[in-house]
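Participant: pasting a predicted model and its sequence here:
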Amino acid sequence: MLPTLILIFILTPIIELFLLIELGKLIGTWNIIIIVVVTGVLGAMLAKSQGLSVLRDMQMDLMRGILPTDRLFDGALVLIGGVLLITPGVLTDLLGFALLIPLTRKWIKKILKGWLKRKIRYGEVQMHRYEW
């Protein structure tokens, strides 16, 4: 897992920089700068509104006596989406918006849950309980 993360953190900025330079050649440097700033601001606004929505849903679940596990998953995806949108780049913006839009987030969540269930079933994920 660690080598995969290291590879992602090295390759992602290189690919993003390449895409920004190539797009800058096509549509102009200032247009790229404007796009990066606008997606960052829109992403922060969308992350805030979606985060508050998820928080409200979690509170409603708790008031009904339901454990909000699904809402926690949504909250994590919204947080990741917000971070990706604040990060300059084309691919990170696309993935960030996909995680913040409820319809696409639902689809991504379904895929990730299936992946996580398989990992747990085959013993590739270990859960530890810590007591304070």
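Facilitator: Noted; the coordinates are in hand.

Participant: any regions of the protein where pLDDT drops low?
Facilitator: Counting by pLDDT under 70, the chain contains low-confidence ranges at 1, 126-128, 130, 132.

Participant: can you pull the buried residues of the longest helix out of those in the chain?
Facilitator: Counting residues, the longest helix found in the chain (DSSP state H) is helix 29-63. By neighbour count with 16 or more other C-beta atoms under 10 Å, helix 29-63 contains the buried residues 32, 35-36, 39-40, 43, 46-47, 50-51, 54, 58, 61. Using the backbone N, CA and C atoms, a C-beta is placed for each residue, glycine as well.

Participant: same question, stretch 10-20
Facilitator: By neighbour count on 16+ other C-beta under 10 Å, the buried set for stretch 10-20 is 16, 20.

Participant: list of residues touching that stretch?
Facilitator: Applying C-beta atoms under 8 Å, 6 or more residues apart in numbering, the set of residues contacting stretch 10-20 from outside is 32, 36, 88-92.

Participant: could you turn the buried ones of the residues you listed into a ChimeraX selection?
Facilitator: Selecting just the buried residues from the contacts of stretch 10-20 in ChimeraX takes one command, with 16+ other C-beta under 10 Å as the test:
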select :32,36,88,89,90,92
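
Participant: could you dump the contacts of stretch 10-20 into a markdown table and include distance to Leu103 and secondary structure?
Facilitator: Putting the contacts of stretch 10-20 into a markdown table (distance: C-beta to C-beta, whole Å; DSSP: H, G, I helix; E, B strand; the rest coil) gives the following:
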| residue | distance to Leu103 | secondary structure |
| --- | --- | --- |
| Ile32 | 28 | helix |
| Val36 | 25 | helix |
| Pro88 | 25 | coil |
| Gly89 | 23 | coil |
| Val90 | 21 | helix |
| Leu91 | 20 | helix |
| Thr92 | 20 | helix |
